[in-house]
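**Student:** predicted coordinates and the sequence they were generated for:
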Amino acid sequence: MLPSSPLFQPRPDQTALIVGATGLSGRYLAPLLIDRGWTTYGLSRTPGSGIAGLQPLAADLRDVASLAAALTDVAPSHVFITSWARQETEAENIRVNAEMVRNVLSVLSPQRSVQHVALVTGLKHYLGPFDAYANGDALPPTPLREEMPRLDLPNFYYAQEDEVYAAAERDGFSWSVHRPHTLIGQATGNAMNLGTTLAVYASICKASGRPFRWPGSAAQWSGLSDVTDARVLAQQLLWAAETQAAHNQAFNVVNGDVFRWSWLWGRIAAWFGVEAVGYDGTVHPLEVELSGAEGVWAELAQQHGLAEPNLGRLASPWHTDLDLGRPMEVMTDMARSRRLGFTGYQNTEDSFFDLFAQLQQARLIPG
């Protein structure tokens, strides 16, 4: 939990609904809101979060009747939408994820309690959807800025935004959109979790005596990059909810520093006590490197008494390969929120090291 800050006074009159409270974004936002005195509900399909003070709600976001039953006695002033569901095609991503946003806001609409809705998306807003990610002849210039126009490509982030805009027009609430880069934080079962994926990969390398080999592209190895600590995202979500000047705007959100993977890779390897191997002229996808490693991980889990023996619940090599295999450096401009007073900052090396220590403490990787 983040420490209390004199800049934020408790807000017992404010009621938050976090959609996706057990995910990578929601599980860091919930303790922050609770610590600030908010009444906080967490909505998810399986709501066992273990977060003290969070009031869990169980519902299927695609089932209006399920949502209506779960939200019968809940009148949130603020809704934080941090959930999405990966589908086989972008057309299905658009249909399903837009439907989930639409359903939540439609069920809440008759109460007229909602004052502000925050939506978490990401840099695929600028880089393109999964099936056309950071490729083509016209890669966007960096640093990525919020005023860049939408790409002429189908994108479920755009569909989610449009649902929020339509509901805001109908119901009269304000909104904010938050676009993190790669999120670094602890969450089991998350579909996009680079930090935990690298921790699992390093742990397997250590156990098997393999080198910790860079899996990505030359551009990502040598170019500048940034990431988003889930704690910084949570801070920006709270800031935007409580700052009127931040309403009805979209914001990038990253740690506030930049780095090169050629610098960080060896430091991560040293943390785990494994041999680092950098870019060798060839991409070595983690989907290949970790293929067939389920049995190795299950054995490691048994040997070390780990809490999660299912490799697929921890590692997301497909998404880590998307990030580390990009043919361009990717860094993000945060001038818009900085001008309005958001000062959140996190050292990126510490983001990774803090995560690794949390994973060990939670018995999710060997100590």
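**Tutor:** Arrived safely, thanks for sending. For clarity, every value in this text was computed on a predicted model and none was experimentally measured.

**Student:** please enumerate the helices of the stretch 251-367 of the chain.
**Tutor:** Listed in chain order, the helices found in the stretch 251-367 of the chain under DSSP state H, counting those that start in this stretch are 261-272, 286-289, 294-304, 317-324, 335-339, 348-361.

**Student:** hang on, L238 packs against D35?
**Tutor:** No. Between L238 and D35 there is no contact under CB atoms under 8 Å: 9.9 Å. In this view, the C-beta of every residue, glycine as well, is placed from N, C-alpha and C.

**Student:** those two: which is more packed in?
**Tutor:** A direct count of neighbours by other CB atoms under 10 Å for L238 and D35 places L238 higher, at 24 against 19.

**Student:** quick one: residues contacting the closest residue to F173 other than its chain neighbours.
**Tutor:** Once flanking residues are discounted, F173 sits nearest to V114: 4.8 Å by CB to CB, 6 or more residues apart in numbering. By CB atoms under 8 Å, 6 or more residues apart in numbering, the contact set of V114 is 76-79, 105, 108, 171, 173.

**Student:** just the ones in strands from those residues, please.
**Tutor:** With strands taken from DSSP state E, the overlap with those comprises 78-79.

**Student:** save the contacts of V114 as TSV, and put in neighbour count, pLDDT and distance to P180 too.
**Tutor:** Shown next, in TSV, are the contacts of V114 (neighbours: other CB atoms under 10 Å; pLDDT from 0 to 100; distance: CB to CB, whole Å):
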residue	neighbour count	pLDDT	distance to P180
P76	25	97	22
S77	18	98	24
H78	25	98	19
V79	28	98	18
L105	22	98	22
L108	23	98	25
D171	18	98	26
F173	23	98	22
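
**Student:** please tabulate the contacts of V114 in JSON lines, including the columns distance to P129.
**Tutor:** Shown next, in JSON lines, are those (distance: CB to CB, whole Å):
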{"residue": "P76", "distance to P129": "30"}
{"residue": "S77", "distance to P129": "33"}
{"residue": "H78", "distance to P129": "28"}
{"residue": "V79", "distance to P129": "25"}
{"residue": "L105", "distance to P129": "23"}
{"residue": "L108", "distance to P129": "28"}
{"residue": "D171", "distance to P129": "28"}
{"residue": "F173", "distance to P129": "27"}
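
**Student:** closest to L67 out of the contacts of V114?
**Tutor:** L108 (8.8 Å; CB to CB).

**Student:** which one of the contacts of V114 is nearest T282?
**Tutor:** Using CB to CB, V79 is the member of those that lies nearest T282, at 45.8 Å.

**Student:** if I look at the closest one, how far off is Q186?
**Tutor:** As for V79, its distance to Q186 is 24 Å (criterion: CB to CB, to the nearest Å).

**Student:** ditto for R339
**Tutor:** For R339 relative to Q186 (CB to CB), the value is 31 Å.

**Student:** between the two, point out the one with more neighbours.
**Tutor:** Comparing R339 with Q186 by other CB under 10 Å, the one with more neighbours is Q186, at 22 against 9.

**Student:** helix or strand for the more buried one, which one?
**Tutor:** Of the helices and strands defined by DSSP states H and E, none includes Q186.

**Student:** got it, and G195?
**Tutor:** Assigned by DSSP H and E, G195 falls in helix 194-208.

**Student:** name the residues of that helix that are buried.
**Tutor:** Buried residues in helix 194-208, counted by 16 or more other CB atoms under 10 Å: 194-207.

**Student:** for the residue nearest to F173, which three-state class applies?
**Tutor:** With DSSP: H, G, I helix; E, B strand; the rest coil as the basis, V114 sits in coil.

**Student:** for the helix or strand encompassing N103, name the packing helices and strands.
**Tutor:** Per DSSP H and E: N103 is located in helix 90-108. On a contact count with 3 or more CB pairs under 8 Å, 6 or more residues apart in numbering; DSSP states H and E, helix 90-108 meets helix 64-70, strand 78-81, helix 156-171.

**Student:** packed most tightly, which of the ones you listed would that be?
**Tutor:** Greatest average neighbour count among those goes to strand 78-81 (a mean of 28), per mean count of other CB atoms under 10 Å.
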